[in-house]
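Colleague: Below is the sequence, then the predicted model.
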Amino acid sequence: MEGRGRYWWPRPGRVFAASRTHTFAQLARSIDEAFGRWDFGHLHGFTLGDGTSVGIPDPDWPEREALDEETTRLGRLQSGEAFAYEFDFGDGWTHICRVEEQRIDPLDLLGVVPEVPVAYFGAGDLPDQYGRRWLDDEGGAPGKDPQARDLPPIHPGWGAGVR
């Protein structure tokens, strides 16, 4: 995974249960949610192993031909195929994706047949899509006390009396 000009190592990853009938638009939203993104107002797209682009067609950019993500189904992918997903073309959050060789039974594995692709396993830190290190991060030093003295004394080690 890469984004904001940085390669993330170890790479955070997620495993999804997805049907051949799900669309690339559904997969894009599921990936974004699984990686903690909340501002979905950015362009995104897929590049398949054969170079085909899948995304939001734009008549103002005819040189960027893309299959429509709303109607193109995941069934177009082959077992074992690798492809890329990029969220936010400015920051370039790029994911390598791969179709597993073996199909799963979602009822057996998840207990349901999901209506959209769903992450059911994963590992790794989730980088913030805007590179913030804490909630109020505006690029300066942390505004809160890293020693937890600014927290209410409702837990051992919190509060003004902590050394």
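Modeller: Perfect, thanks for sending it.

Colleague: What segments of this protein are strands?
Modeller: 2-3, 6-7, 13-17, 44-47, 53-55, 67-68, 82-87, 93-98, 118-123 (DSSP state E).

Colleague: Could you dump those into a markdown table and include mean neighbour count and distance to residue 137?
Modeller: Where C-beta positions appear, they are placed from N, C-alpha and C, glycine not excepted. Below are these laid out as a markdown table (neighbours: other Cβ atoms under 10 Å; distance: least, Cβ to Cβ, whole Å):
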| stretch | mean neighbour count | distance to residue 137 |
| --- | --- | --- |
| strand 2-3 | 18 | 16 |
| strand 6-7 | 10 | 16 |
| strand 13-17 | 18 | 24 |
| strand 44-47 | 20 | 24 |
| strand 53-55 | 21 | 30 |
| strand 67-68 | 15 | 37 |
| strand 82-87 | 18 | 20 |
| strand 93-98 | 17 | 18 |
| strand 118-123 | 14 | 24 |
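
Colleague: closest to residue 155 out of those?
Modeller: Smallest distance to residue 155 across these (Cβ to Cβ): 27.2 Å, for strand 118-123.

Colleague: if we can go back for a sec, could you dump the strands of the chain into JSON lines and include mean pLDDT?
Modeller: Converted to JSON lines, the strands of the chain look like this (pLDDT from 0 to 100):
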{"stretch": "strand 2-3", "mean pLDDT": "84"}
{"stretch": "strand 6-7", "mean pLDDT": "82"}
{"stretch": "strand 13-17", "mean pLDDT": "96"}
{"stretch": "strand 44-47", "mean pLDDT": "95"}
{"stretch": "strand 53-55", "mean pLDDT": "95"}
{"stretch": "strand 67-68", "mean pLDDT": "96"}
{"stretch": "strand 82-87", "mean pLDDT": "95"}
{"stretch": "strand 93-98", "mean pLDDT": "94"}
{"stretch": "strand 118-123", "mean pLDDT": "96"}
